[in-house]
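Asks: what's the 3D shape of this:
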Amino acid sequence: MINLFKLFIAKKKRHGSIVIENNFLFTHMIEKKYHILSVDDDSRLRQLLADYLTSHGYYIHTVGSVDSARQLMQLFVFDLIILDVMMPKESGMDFLISLKQNTDHYCDIPVLMLTAKGESDNRIEGLENGAQDYLPKPFEPKELLLRAANLLERSQKRNQREYNVHFGDFYFDNNAQALYCNDKFIFLNEAEKKLLNFFIENPNIAHTRERLTEVLGAVNERTADVTVSRLRQKIENNSRCAQYLQTVRGTGYAFITF
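Replies: Have a look, this model is predicted:
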């Protein structure tokens, strides 16, 4: 049995010259929320983006400089970066180039660049250097929301195609939809595959029995319980004391990878 309040607690972290409030509420962990980093020296725009994107279900951090962005990226994993081109000291364009040249996972994070209206050279340069999209200022918040959602959806689909996962002695080949334990093939029926895929794509998060029932396309929650039980028998050394597929009291289940 796992208590998520021990995993996701409200705390402050200080790193360099920035103070970051990491306030993960339990209710936020029920469904996956994309994590967005906004880098812009305009404090008013940063606040507007934070309020607007948060109201539409995104989790967002905002910073006013490239240096602060780099510090923050050492602490958190981001799904999308909204990046202004013109900033003091190091420009957004220089930051973009360094990201795309990075051999770590940073190079795979989609970037939406913000440019001043009419700066076509910057837009072309940004796309040439690896930005996935651009939006000229001023812009309608709704357009930014739609562009961000499209980038996140495309990125998620790409990651799902490429994503294979190891946990303990197990390895799940996403392309082949095959599970192995110490190179030995483990048979999964279609319901078990569907559920394992969902857990792999959404790890370390509590999922309600109702949500898992929807994932399985079932009509009652008992089906989810039975499928979880059968999956545990195949991936746990002791299905009564689960290491990976754990019960979250009063909520449902979570796939734990740490």
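Asks: host element of residue 46?
Replies: Per DSSP states H and E: residue 46 is located in helix 43-55.
Asks: tell me the contacts of residue 97?
Replies: If you count contacts by CB atoms under 8 Å, 6 or more residues apart in numbering, residue 97 has them with 129, 130. For the C-beta atoms, the positions are set from N, CA and C on the backbone; glycine is no exception.
Asks: for the helix holding residue 46, which outside residues touch it?
Replies: Residues contacting helix 43-55 (CB under 8 Å, 6+ apart): 36, 38, 40, 60, 62, 63, 64, 82, 141, 144, 145, 148.
Asks: ok, now with 7 Å
Replies: For helix 43-55, contacts defined as CB atoms under 7 Å, 6 or more residues apart in numbering pick out 36, 38, 40, 60, 62, 64, 82, 141.
Asks: from these, which is closest to residue 197?
Replies: Taking CB to CB as the measure, residue 197 lies nearest residue 36 of the contacts of helix 43-55, at 24.5 Å.
Asks: please save the CA atoms from the helix or strand encompassing the closest one in PDB.
Replies: Assigned by DSSP H and E, residue 36 belongs to strand 35-39. C-alpha atoms of strand 35-39 as PDB (Å, rounded to 0.1, in the frame of the first residue of the first chain):
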ATOM      1  CA  HIS A  35       4.500  20.600 -17.300                       C
ATOM      2  CA  ILE A  36       5.300  23.800 -19.300                       C
ATOM      3  CA  LEU A  37       8.200  26.100 -18.800                       C
ATOM      4  CA  SER A  38       7.700  29.700 -20.000                       C
ATOM      5  CA  VAL A  39      10.900  31.800 -20.500                       C
END
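Asks: count the residues that sit near residue 78.
Replies: Residue 78 sits with 20 neighbouring residues when counted by other CB atoms under 10 Å.
Asks: got the contact list for it?
Replies: 35, 36, 37, 109.
Asks: save those as a markdown table, and put in neighbour count, distance to residue 94 and pLDDT too.
Replies: Formatted as a markdown table, these follow (neighbours: other CB atoms under 10 Å; distance: CB to CB, whole Å; pLDDT from 0 to 100):
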| residue | neighbour count | distance to residue 94 | pLDDT |
| --- | --- | --- | --- |
| 35 | 14 | 23 | 92 |
| 36 | 22 | 21 | 95 |
| 37 | 22 | 16 | 95 |
| 109 | 19 | 16 | 88 |
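Asks: average pLDDT for stretch 137-155?
Replies: Stretch 137-155 comes out with an average pLDDT of 90.
Asks: and it, how far out from the chain middle?
Replies: Distance of stretch 137-155 from the chain centroid (CA atoms, centre = their mean, to the nearest Å) equals 16 Å.
Asks: buried ones in it, by neighbour count?
Replies: Neighbour counts over stretch 137-155 (16 or more other CB atoms under 10 Å) mark 144, 145, 147, 148, 151, 152, 155 as buried.
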